[in-house]
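1. Make a model of this:
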Amino acid sequence: MTLGNAAQAQAPHPREVSIRQITFGGTGCPQGTVAANISADAKTMTLFFDQFVAEVGPHTSISDAYKACNLSIDLNVPRGWSFALMGVDY
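-> Below you'll find the predicted structure:
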C-alpha cells in the first residue's frame, strides 16, 4: 500500500506524512501470522498474511468459509489533511 495525497495542489512536505504503526486482528490474521514491514521513509508498507485462507464446499463450516482481518494504520499527517489509499496488490 502507498500513501497518496487526495489534494495535490497544496501537498504537505513529505517529512510531515508517515506511517507510524500497523496493528491487525481477526480470524484471518491471528497474532503472529502477519509479517508487516514499513519502508525506511515510512511512506509504504508491505503485509504478508500466513493464514488468511477461506474455504468453500458442502462440508465447510461457517468459521472456515468466512475470514476477516481488520487493519489499523496509525498515520502521522498534518492537521486538516485527508489521504486516500492509492493501491493494493494481492
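
2. Wait, a helix at Asp64?
-> Yes: under DSSP: H, G, I helix; E, B strand; the rest coil, Asp64 falls within a helix.

3. what's the distance between it and Met86?
-> 33 Å (C-beta to C-beta, to the nearest Å). (C-beta placed from N, C-alpha, C; glycine too.)

4. quick one, strands of the protein?
-> 3-5, 18-25, 34-38, 45-49, 70-76, 83-85 (DSSP state E).

5. Most tightly packed of those strands?
-> Highest mean neighbour count among those (mean count of other C-beta atoms under 10 Å): strand 3-5, with a mean of 17.

6. quick one: average pLDDT of it?
-> The average pLDDT for strand 3-5 rounds to 53.

7. is the residue nearest in space to the middle of the chain in a bridge, and if so with what?
-> Central residue of the chain (C-alpha atoms, centre = their mean): Leu71, 5.4 Å from the mean position. For Leu71, the beta-bridge partners under DSSP bridges are Phe24.

8. contacting residues for it?
-> Residues in contact with Leu71 (C-beta atoms under 8 Å, 6 or more residues apart in numbering) are 22-24, 47.

9. picking that back up, just tell me which of the strands of the chain ends up closest to Thr60.
-> For Thr60, the closest of those is strand 45-49, at 19.5 Å, according to C-beta to C-beta.

10. what does that closest one rub up against?
-> Contacts for strand 45-49 (C-beta under 8 Å, 6+ apart): 1, 19, 22, 24, 28-29, 33-39, 69, 71, 73.

11. Parallel or antiparallel, which strands does it pair with?
-> strand 34-38 (antiparallel).

12. Skipping its backbone neighbours, what lies nearest Ala36 in space?
-> Ile22 (4.8 Å; C-beta to C-beta, 6 or more residues apart in numbering).

13. Good, we can wrap up now.
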